[in-house]
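> Got a predicted structure here, sequence first:
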Amino acid sequence: MSSSSPLEIAEFHGDGISNELSKAVHAVADALPIDVNFHDVDMTLERRRIDAEGSYSDAEAAMNKYRVAMKYPTVTEDVSPNKVLRERFDFSVIHRPVATIPGVETRIRGTVDLHVVRIATGGTYDDPGRLIGKDAAISIRLIERRPSYQASMFAFRLAEKIGSDVTSASKRTIQKHTDGLFEEVAAEVAQQFPNVKHQSELFDALLAKLIMNPEGYNVIVTPNEYGDFLSDAACGMIGSIGLGASASYSFDNDGNIVLAMFDPAGGTAPDIAGQGLCNPSAALWAFSMLLKHVGQSKLGDKLNAAVRDTISSGNRTGDLGGSLNTEQFTEAVIAKME
């Protein structure tokens, strides 16, 4: 083990397959040449039914202390825990990388190598709406300049780092004021990155073009709900909704990341929970993103590659046509790293 300071991580436990994903992450962490300490927070539905405020307060205290967290899937009963955490931590940007894995069967031709950068707030998700009489309902759609700016800056900095262009996607021709504001901000940020090509696409056309020519897109920045749709669609393009990792960020006034939470983008999978059948790939990729965020880039890249290589070599869980259980797949990833 390294003699450097241990890596301290808040860990938000959820429902369904959450415990199995956590065990996989812990097994990998134990195999790393650094000390990693996890600090548990109970965010299960059982806890939230009894003391929701206590659960969220515990998560808030842990995040503020350790500044980074791993989160596992949680059931949404009345209120989305993800939405609550985004509000409490002031998350404004969600980053979801999605890439083709050699050997995994897909329904499309071509290679996907996509970074979906999504505004974490606003859109249609912040207002549940209200009924107007019996036959109509209305909700307010909100786009704000600050999160639009932070998402755009994140996208352009990422594109500059990896040598890519940036596509901003919306329905600006229909949502002229809301999506128009988002596109205005993206164009303003683009002026600060003269070496990064910027194009704007209508979101519906983008979906069609992405399927027909996935190689034509790399970094896409969008408002909240569009990014939600796009990241799930992209996971479908590479073969499984369970292959998506996610990172959520909040920023200070100078644009520096101050809080970061990493999680698999999939759900709780209650039909297989407790059976050791879940695919931990997305959780392990989320952990690799966390490692890179805290300055352990080599270890993060090594874990990312080990998961991909394990799947490509045919050692897979059942959702990808393999026969390995969760523990066996995790052991195969660790062996690849070693």
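That came through, no problem.

> Domain-wise, how is this structure divided?
1-90+259-338, 106-238 (automatic domain parsing).

> Which of those sits closest to S248?
domain 1-90+259-338 (4.6 Å; C-beta to C-beta). Glycine gets a C-beta too; all of them are placed from N, C-alpha and C.

> tell me the mean pLDDT over the closest one?
Per-residue pLDDT values over domain 1-90+259-338 give a mean of 95.

> quick one: the strands in the stretch 201-338 of the chain?
For the stretch 201-338 of the chain, strands defined by DSSP state E, counting those that start in this stretch occupy the ranges 219-222, 245-251, 257-264.

> among those strands, which is nearest H26?
Nearest to H26, of these and by C-beta to C-beta, is strand 257-264 at 14.4 Å.

> For stretch 228-235, list every residue counted as buried.
Residues D228, L230, S231, D232, A233, A234, C235 are the ones in stretch 228-235 that count as buried (16 or more other C-beta atoms under 10 Å).

> What is the neighbour count of the residue nearest to the second one when sequence neighbours are not counted?
This means L230. In space, L230 comes closest to V116 once its chain neighbours are excluded; the distance is 5.3 Å by C-beta to C-beta, 6 or more residues apart in numbering. Residues within reach of V116, counting by other C-beta atoms under 10 Å, total 29.

> for V116, which residues make a bridge with it?
Beta-bridge partners recorded for V116 (DSSP bridges): R96, I220.

> can you give me the helices in this protein?
18-31, 45-66, 81-89, 145-162, 178-190, 203-212, 224-238, 281-293, 297-312, 326-337 (DSSP state H).

> and among these, the most buried is which?
Of all these, helix 281-293 carries the top mean neighbour count, a mean of 25, counting by mean count of other C-beta atoms under 10 Å.

> can you list contacts of it?
9, 21-22, 24-25, 28-29, 68, 70, 72, 95, 97, 242-247, 257, 260, 262-266, 297, 299-301, 303-304, 307, 311, 317, 329-330, 333 (C-beta atoms under 8 Å, 6 or more residues apart in numbering).

> what's near enough to touch the most centrally placed residue in the chain?
Nearest residue to the geometric centre of the chain (C-alpha atoms, centre = their mean): S246, 1.3 Å. S246 makes contacts with I94, H95, R96, S231, F262, D263, P264, A265, A286, as judged by C-beta under 8 Å, 6+ apart.

> ok, now V189?
Y149, S152, M153, F156.

> for A31, same thing?
I334, M337, E338.

> go with 10 Å
L303, T330, E331, V333, I334, A335, M337, E338 (C-beta atoms under 10 Å, 6 or more residues apart in numbering).

> Likewise for H198?
152, 155-156, 159, 165-168, 186-187, 189-191, 219, 221.

> Would you mind checking which of the residues you listed is nearest to T111?
Nearest to T111 among these, with distances taken as C-beta to C-beta, is V219, at 15.4 Å.

> Show the pLDDT at the closest one.
98.

> Also G242?
Model confidence at G242 (pLDDT) stands at 82.

> Looks like it contacts T268 (just checking).
No - counting by C-beta atoms under 10 Å, G242 stays clear of T268, with 11.8 Å between them.

> list residues touching both of those two?
I17, C278.

> Now do stretch 123-130: distance from first to last residue.
16 Å (C-alpha to C-alpha, to the nearest Å).

> Okay, buried residues for that stretch please.
G123, T124, Y125, D126.

> Kindly present the residues you listed as CSV, with separate columns for pLDDT.
Putting these into CSV (pLDDT from 0 to 100) gives the following:
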residue, pLDDT
G123, 91
T124, 88
Y125, 86
D126, 84
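
> From these, pick the one nearest G321.
Nearest member of those to G321, counting by C-beta to C-beta, is Y125, at 34.2 Å.

> measure the closest residue in space to the closest one that isn't next to it in sequence to M212 for me?
Among residues not flanking Y125 along the chain, N224 sits closest, at 5.4 Å (C-beta to C-beta, 6+ apart). Computed with C-beta to C-beta, to the nearest Å, the distance linking N224 and M212 is 26 Å.

> Equivalent analysis for S288, please.
From S288 to M212 the distance is 30 Å (C-beta to C-beta).

> same question, Q175
Q175 is 25 Å from M212, by C-beta to C-beta.

> related to what we said a few turns ago, of all the contacts of A31, which two lie farthest apart?
L303 and E331 (14.0 Å).

> tell me, what's touching these two both at once?
Between them, L303 and E331 share the contacting residues V28, A31, judged by C-beta under 10 Å, 6+ apart.

> returning to what we had before: what's the most buried one of the strands of the stretch 201-338 of the chain?
Highest mean neighbour count among these (mean count of other C-beta under 10 Å): strand 219-222, a mean of 28.
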